[in-house]
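Asks: Any chance you could fold what I've pasted below:
(chains A, B, C and D)
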Number of protein chains: 2
Amino acid sequence: MAEHGSGDGTVAKALAVMDEVAAFGRPVRFSEILDRSPFPKATLYRFMQVLTKQGMLHYDPDRQTYAPGLRLVRLAHAAWQTSSLAPIARPHVDALSQAVGETVHLAQLDGAQVLYVDKRNARQPVEMYSAAGKVGPAYCTGVGKAMLAFLPEPQLAGAIAQQSFHRFTGHTYTDETALRAELAAIRARGHAYDREEHEPGIICVAVPILTRAGRVLGAMSVTSTTARETLVGLERHLPRIRAAAEAIAAEAQDWRFPDAAE
Amino acid sequence: MAEHGSGDGTVAKALAVMDEVAAFGRPVRFSEILDRSPFPKATLYRFMQVLTKQGMLHYDPDRQTYAPGLRLVRLAHAAWQTSSLAPIARPHVDALSQAVGETVHLAQLDGAQVLYVDKRNARQPVEMYSAAGKVGPAYCTGVGKAMLAFLPEPQLAGAIAQQSFHRFTGHTYTDETALRAELAAIRARGHAYDREEHEPGIICVAVPILTRAGRVLGAMSVTSTTARETLVGLERHLPRIRAAAEAIAAEAQDWRFPDAAE
DNA sequence: TGTGCAGTTTCATTATTTGAAACTTGGTTT
DNA sequence: AAACCAAGTTTCAAATAATGAAACTGCACA
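Replies: Down below sits the predicted model:
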C-alpha cells in the first residue's frame, strides 16, 4: 500500500514512482521499477520520461539507470528553509553542541515517522543533508518518544497505529501498552530517554519543543554511547537542552509556527 | 495542439506550482500563487490540494499558507545520497577541512548552475552565501569556474549562454570573452581562484574533480576572507586539495560514475 | 443588512492518460 | 549468420482524468 494518502490523480502516481526510485538508494534500471510498480510498462515508461525531462530523475544513458534528480535537492533546500525548524533553531543547536560536546539532533514528526532536520556531530562543525532528510522510527528513538508523548490523543492513536514495533534491541518497546506507559512517564518527567532501544550502545536524552499552547513542534536530543557516557551523565546537560528547546519554541512561535488564535 | 500554456503533462504543471511555491522562500497564500500562475483558480486550487495531500506542500490552516513540504526533504536525501558526489567525498572533505581549518565546499554542475552538495565550516564560521542544496552562479565562483574550464566545448557553450553575467563586485567577469580567457588560464594552471568575484572579501582556491577520461564530476574549494588570508596563503593548501580531489575522483569513477566504456 | 474579497465546490465539456500489442534495439545462443 | 531473447520504445482507440466558468460559502468590515 502507498505510504501517503494515496489517492488517484496523475500527480500522485508520478510521485509514487519517485518514491519507488528513491527507495532503492542506488541508480536503478527501468525494469527494476517495473517489477515493483502497479503500472503497465508503457505508463511507467512515460512517467519516467516526464520525470527525467523535469529534472526530478536523472537518467544515465550509459548505464541505463535512473536516480533521484538534482531538482529535488534544490526544492528540498526551500522546504528545509521554510517549513522546518532548522533555520530558526540553528544558532541554538550550534551553541548547545559547543557546550555539551556531544552529538545533537533536531527532529520533527513527519506523519508517524521521525524526520531529522538538523544535526551536529560531536567533532565536525556542520553537516547538512547527511543527516537532514533521514527518517527514523518514532517509537524507539529519544526524539520520537519525546514528540509522541505530547501529542493530543487522536493524533497519537493515529501515529501509534503506524508504528512497526520492530524489536531492534532487547530494550525496544514492542507493543502499544508498553509504549503508552513509557509516554506517560515522559509526559510526567518532561523529557525522554533512549536506553539503547534503537541501536545497541547508543543512548540519548531528548526534550520536546512545544508552543505555549502545548503543540508539538519538534524535539531535540543529546546523544552519546555507553562506552563514553551514562544516562545519568547525560542528564547533567538537561538544563541546557531545555533552555535551548524553549528558546527555539519561543522564536518559532513568534515567527513561523504560531498557535491558532482564539 | 490546443494551446494551454505549455500543453505538457499534468505532472509538469504540478511541478511548476512547486517551483512557484519554493521560489517565495516563505509560507505563501493561495492568491499569491494564483497571481503569478497561468492556471485558473479552480485548477490551481486542485493542484495545491493534491500536492498538500501528497506531502509535497505543507498547509497551515491557521494562517492559510502553503510551504514546501517535508516529503521533499526525504526525497532529496535520497537524491543527495545516490546522485551526488557527497557520500563518496565525505571522508575526504572531512579530512581536508580538519587539515586546513577553512571552509570547504563540494559542488556539482546542475545545468548551468553550481549546486553545492556539501560543506564544512571553518573553525570560526563566517555567515556566507552557501549551503547544501543551495545554488549559485557558475561564472563567478571558484568551483563554478573550475568545472566550466574542463567542460567539452559544446556543453561549455551551452552553459555560458545561460550565465547572467551580473556584476556582483568590481572583480566579476561580465562577458564571455573575459570569462573564456580566465577559463583557459584555469585549464593551464589546473585550479581556479575566486578573487572576490561573487562577494566582497570572500576568496577561494578551487580544483575540479575529473575522471581519468577528463569528464567533470564536480569541484572542491577552500574558502576564506581577505581579512584572514590571501590567495597566495590559500595556495599552500593546494597539494592537499588536489590529493583529496583525486581520491574522490578515483573512488567515484570506480563506484558510481564510470566513464563510458569504449 | 449589505458589499467585497478569499477561498471552495460543481458539472458538462474537453483533452489527457491509459495500456495491450506491435515494434525496435542490442546482445546472446544455436 | 540466422534465430532468438530480453529490455526498452512507440502506437492508437478507448477510458479516464483534468478543466474552468460560474455559482457558492464564509468572513470581515462598513
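
Asks: ok, A:Tyr173 touching A:Tyr139?
Replies: Yes: if you go by CB atoms under 8 Å, A:Tyr173 and A:Tyr139 touch, sitting 6.2 Å apart. Every C-beta, even on glycine, is put in place using the N, C-alpha and C of the backbone.

Asks: Okay, and the closest residue to A:Pro87 other than its chain neighbours sits in which element?
Replies: Counting by CB to CB, 6 or more residues apart in numbering or on different chains, A:Gln81 is the residue found nearest to A:Pro87 once chain neighbours are left out, at 5.5 Å. Using DSSP states H and E, A:Gln81 sits in helix A:70-83.

Asks: and the next element down the chain from that helix?
Replies: By DSSP H and E, the next helix or strand past helix A:70-83 is helix A:86-100.

Asks: A:Leu34 belongs to a strand?
Replies: No: per DSSP: H, G, I helix; E, B strand; the rest coil, A:Leu34 lies outside any strand segment and is helix.

Asks: Measure how buried it is and give me the count.
Replies: Using other CB atoms under 10 Å in any protein chain shown, A:Leu34 has 15 other residues around it.

Asks: That one against A:Phe47, yeah?
Replies: No: using CB under 8 Å, A:Leu34 is not in contact with A:Phe47, being 10.9 Å away.

Asks: can you pull the contacts of the residue nearest the centre of chain A?
Replies: Closest to where the C-alpha atoms of chain A average out (CA atoms, centre = their mean) is A:Leu115, at 0.8 Å. Applying CB atoms under 8 Å, 6 or more residues apart in numbering or on different chains, we find A:Leu115 in contact with A:107-109, A:133-135, B:70, B:73-74.

Asks: again with A:Gly233
Replies: Here A:Gly233 is in contact with A:Ser224 (CB under 8 Å, 6+ apart).

Asks: Report the distance from the helix or strand hosting it to the chain centre.
Replies: Applying DSSP H and E as the criterion places A:Gly233 in helix A:231-235. Mean-position distance between helix A:231-235 and its chain equals 24 Å (CA atoms, centre = their mean, to the nearest Å).

Asks: Kindly report the same for stretch A:179-194.
Replies: The answer for stretch A:179-194 is 19 Å, by CA atoms, centre = their mean.

Asks: what distance separates the start and the end of stretch A:105-115?
Replies: 10 Å (CA to CA, to the nearest Å).

Asks: Pretty sure A:Ala192 sits against A:Ala146.
Replies: Yes: using CB under 8 Å, A:Ala192 is in contact with A:Ala146, at 4.1 Å.

Asks: related to what we said a few turns ago, which secondary structure state does the residue nearest to the centre of chain A sit in?
Replies: Assignment for A:Leu115 (three-state DSSP): strand.

Asks: tally of neighbours for the closest residue to A:Ala95 other than its chain neighbours?
Replies: Leaving aside its chain neighbours, A:Ala95 sits nearest to A:Ala244 (7.0 Å; criterion: CB to CB, 6+ apart). Residues within reach of A:Ala244, counting by other CB under 10 Å, total 27.

Asks: Please, which helix or strand holds A:Ala244?
Replies: Using DSSP H and E, A:Ala244 sits in helix A:238-255.

Asks: Report the angle between that helix and helix A:86-100.
Replies: Counting by axes from the mean of the first three to the mean of the last three CA atoms, to 10 degrees, helix A:238-255 points 160 degrees away from the direction of helix A:86-100.

Asks: Show me chain A divided up by domain.
Replies: A:10-72, A:84-255 (automatic domain parsing).

Asks: where along the stretch 1-150 of chain A do the strands fall?
Replies: Along the stretch 1-150 of chain A, counting by DSSP state E, counting those that start in this stretch, strands occupy A:57-60, A:65-68, A:103-110, A:113-120, A:135-137.

Asks: Give me the helices and strands touching the one helix or strand in chain A whose mean pLDDT sits lowest, please.
Replies: Every helix and strand in chain A was compared by mean pLDDT, DSSP states H and E; the lowest is helix A:70-83, with a mean of 82. Where contact means 3 or more CB pairs under 8 Å, 6 or more residues apart in numbering or on different chains; DSSP states H and E, helix A:70-83 is packed against helix A:86-100, helix B:10-24, strand B:65-68, helix B:70-83, strand B:103-110, strand B:113-120.
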